[in-house]
Each structure stands twice: as structure tokens, then as C-alpha cells.
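1. got a structure for you, letters missing:
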């Protein structure tokens with residue numbers, strides 16, 4: 001039994017008069033928290049005031065996935081509906097999606113904290129970092145050649 005169990009009466013009418021209304025608290029809190037808005041392909045989206053737990057849970061489950069359906073599910077949690085297909089039909093590129101995700105993630109946490117131009121810079125830096133170093137196979141091939149070239153024939 002936990003401390004929480006000890007403090008609660010578990011009868012059928014227990015605590016109804018004294019119950020704390022978490023639902024009302026959430027509604028009041030949501031009304032006071034700023035939310036970022038953005039317009040994309042003529043539609044205005046309002047980002048959530050914080051990352052939904054379903055987004056966080058799904059992100060950990062599909063972080064290494066290459067399945068477009070997993071991306072679609074994540075985007076639907078943040079933006080609603082089948083936005084991935086809608087945006088793809090409008091010609092959205094990988095780069096544009098990456099910028100949007102960086103912008104959205106930052107501005108869900110702190111509305112107004114990252115502009116779209118800054119999100120583009122961050123995306124470009126991230127992509128440059130991925131391309132900057134050779135992959136493991138390339139490094140091994142180069143090291144192997146150096147070792148062999150210095151060896152006597």
C-alpha cells in the first residue's frame with residue numbers, strides 16, 4: 001500500500017464532495033498559456049501548449065523507423081488530421097519538413113523562441129554535421145590504405 005492509498009477512502013461515494021477537479025484546472029491553465037500559431041499552405045495551425053504524452057510515447061517507439069506512417073502519426077498528434085499527405089501534395093520537401101519540425105518543437109516548449117529563419121539555420125547546421133564526417137566504412141578504408149602504403153613491399 002502506498003502513502004496515497006492510505007489517504008484515500010475508496011468507498012462508492014468517497015471524496016465526491018471534496019474531489020479536486022483536475023479537468024477544470026487543466027482548462028484554466030490552458031487558457032493562460034501562450035500558443036504559437038503558424039500558417040502553412042493557407043491553413044493556420046495552433047501548436048499545443050506542451051508536447052502531448054502520446055507524441056512523446058510514440059516518438060520513443062518509432063525513433064529509428066523509416067516508415068512514413070509513423071511520421072504521419074506523429075504529425076497528426078501535433079497538427080491534427082492527415083497533414084503529411086496534404087503537405088506532400090503541396091510539394092513540401094524534406095528540408096521544409098525538417099525546418100517545420102525544428103520550429104514546432106522549439107515553439108511548443110517556448111512560444112516565440114525560434115523564428116522560421118533560425119529554424120532553417122538550425123536545420124542546415126544539423127544536416128552539415130551529418131555530412132561533415134566520413135562514415136565508418138570510408139574511414140576504415142582510408143586507414144587501411146595508409147597502413148599498407150607505409151609497409152615495405
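-> In hand now; what should we look at? Note that the structure is a prediction, hence the values are computed from the model and not measured. Residues are numbered from 1 along each chain as shown.
2. what helix or strand does the residue nearest to residue 39 when sequence neighbours are not counted sit in?
-> Closest residue in space to residue 39, ignoring its immediate chain neighbours: residue 45 at 7.6 Å, by Cβ to Cβ, 6 or more residues apart in numbering. To be clear about C-beta, it is placed using only N, CA and C from the backbone, and glycine gets the same treatment. Using DSSP states H and E, residue 45 falls within strand 43-46.
3. contact partners of that strand?
-> 35, 36, 37, 38, 39, 79, 80 (Cβ atoms under 8 Å, 6 or more residues apart in numbering).
4. picking that back up, next, work out how far apart the residue nearest to residue 39 and residue 131 are.
-> 31 Å (Cβ to Cβ, to the nearest Å).
5. of the two, who's got more company?
-> Taking neighbours as other Cβ atoms under 10 Å, residue 45 and residue 131 compare with residue 45 leading, 16 against 7.
6. what's across from that one in the sheet?
-> Taking DSSP bridges, one finds residue 38 as the beta-bridge partners of residue 45.
7. Model confidence for it, exactly?
-> On pLDDT, residue 45 comes in at 94.
8. and it, how far is that from residue 89?
-> 16 Å.
9. Now do the helices in the protein.
-> Applying DSSP state H to the chain gives helices spanning 3-6, 22-32, 53-62, 68-79, 83-89, 94-109, 116-132, 136-150.
10. follow-up on the earlier one: in PyMOL, how would I select just the buried ones from the contacts of strand 43-46?
-> Buried members of the contacts of strand 43-46, defined by 16 or more other Cβ atoms under 10 Å, are picked up in PyMOL with:
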select buried, resi 36+79
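11. Enumerate every residue touching the residue most central in space within the chain.
-> Nearest to the mean C-alpha position of the chain, counting by Cα atoms, centre = their mean, stands residue 105 at 5.5 Å. By Cβ under 8 Å, 6+ apart, residue 105 lies in contact with residue 51.
12. how much space between it and residue 81?
-> Residue 105 is 19 Å from residue 81, by Cβ to Cβ.
13. Thanks a lot, see you next time.
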